[in-house]
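> return atomic coordinates for the entry below.
(one chain, ligands or ions: 2)
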Amino acid sequence: MIKKILNFPISIRSVTFDLDGTLLDTVPDLHAAARATLTELGLPECGEDDIRRWVGRGILHLVSCFVACKDDDALYERATQIFRRHYAYFNGRAAKPYPGVLSGLERFHALGKKTGLRMAVITNKSATFTEPLLLSSGLAPYFEFAVSGDSLTEKKPHPLPLLHACERLGSSPAFNLHIGDSRHDVGCARAAGCPVFLLPYGYNEGGDVRKLDCDAIVESLDHAADLIAAQ
Ligand SMILES: O=C(O)COP(=O)(O)O
Ligand SMILES: [Mg+2]
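Ligands and ions are numbered 1, 2, ... in the order given. Now for the predicted structure:
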């Protein structure tokens, strides 16, 4: 299901991976924490499908959507605090790597041993939740570091997280492949000048990834590793 491959072969020195919707399906945990928050606030529940459409812009945005509290600062503040407490409990309990993630990361890792390819995570999730999630899911050892939504002054789709990661990886945007699931990954990659692959199984705020500007749509990380290794 390759949509298009532009400018191949592409020369890659590093790969950056999005987290939610790319490596792990985190919606069940986010939904459990949102439900607990709404119950504590005495508000009506929201569905798992709603959460799936609202993931991708970080926790503040997610809370403002499921509590519908953008204009009520006090409620927004309280809901965010409550949500952080509940998500600290649920984070990683049901989250699972998508099919092909572990084998794909293994293959990128093996490629790294041969070619010096380096790997990091770039997510809009808050660092407090990113680090324990990478550890509990067993994915942490594959990456040198994670840049989270609150690690820098800007988050995706701003190019800063990618520019920062490239520098730390001793790479440069033209030689860094970013792999993600949403318009925010594309926005960030294009603004930084990186090639970008998309996975169709993630969230993308409910939108169709085929409508986004990318270099390839790959079925899985395994498939992405195939394309890179085959060059
Ligand atoms: O919105 C979030 O919390 C995280 O989203 P991301 O990992 O897809 O960047
Ligand atoms: Mg994502």
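> for ligand 2, what is the nearest residue in this protein?
Among all residues of the chain, Gly21 sits closest to ligand 2, at 3.6 Å; criterion: Cβ to the ion. Every residue, glycine included, has its C-beta placed from N, CA and C.
> let me see the confidence value for that residue.
With respect to pLDDT, Gly21 has a value of 98.
> residues touching it, list them.
Taking Cβ atoms under 8 Å, 6 or more residues apart in numbering as the criterion, Gly21 is in contact with Val55, Gly56, Gly180, Asp181, Ser182, Leu199, Tyr201, Gly202, Tyr203, Asn204.
> now flag whichever of those residues is closest to Cys188.
Gly180 (8.1 Å; Cβ to Cβ).
> give the burial count for Leu227, as a bare number.
Neighbourhood size, Leu227 [other Cβ atoms under 10 Å]: 18.
> same check on Gly116?
Here the number of neighbours of Gly116 (other Cβ under 10 Å) works out to 10.
> sorry, back to before: which among the contacts of Gly21 end up buried?
Val55, Gly56, Gly180, Asp181, Ser182, Leu199, Gly202, Tyr203, Asn204 (16 or more other Cβ atoms under 10 Å).
> ok, the last one to Arg183 distance?
This points to Asn204. 6 Å (Cβ to Cβ, to the nearest Å).
> find residues that contact each of the two.
With Cβ under 8 Å, 6+ apart, Asn204 and Arg183 have common neighbours Leu212.
> mind putting the contacts of Gly21 into JSON lines with secondary structure?
Output for those, formatted as JSON lines (DSSP: H, G, I helix; E, B strand; the rest coil):
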{"residue": "Val55", "secondary structure": "coil"}
{"residue": "Gly56", "secondary structure": "coil"}
{"residue": "Gly180", "secondary structure": "strand"}
{"residue": "Asp181", "secondary structure": "coil"}
{"residue": "Ser182", "secondary structure": "coil"}
{"residue": "Leu199", "secondary structure": "coil"}
{"residue": "Tyr201", "secondary structure": "coil"}
{"residue": "Gly202", "secondary structure": "coil"}
{"residue": "Tyr203", "secondary structure": "coil"}
{"residue": "Asn204", "secondary structure": "helix"}
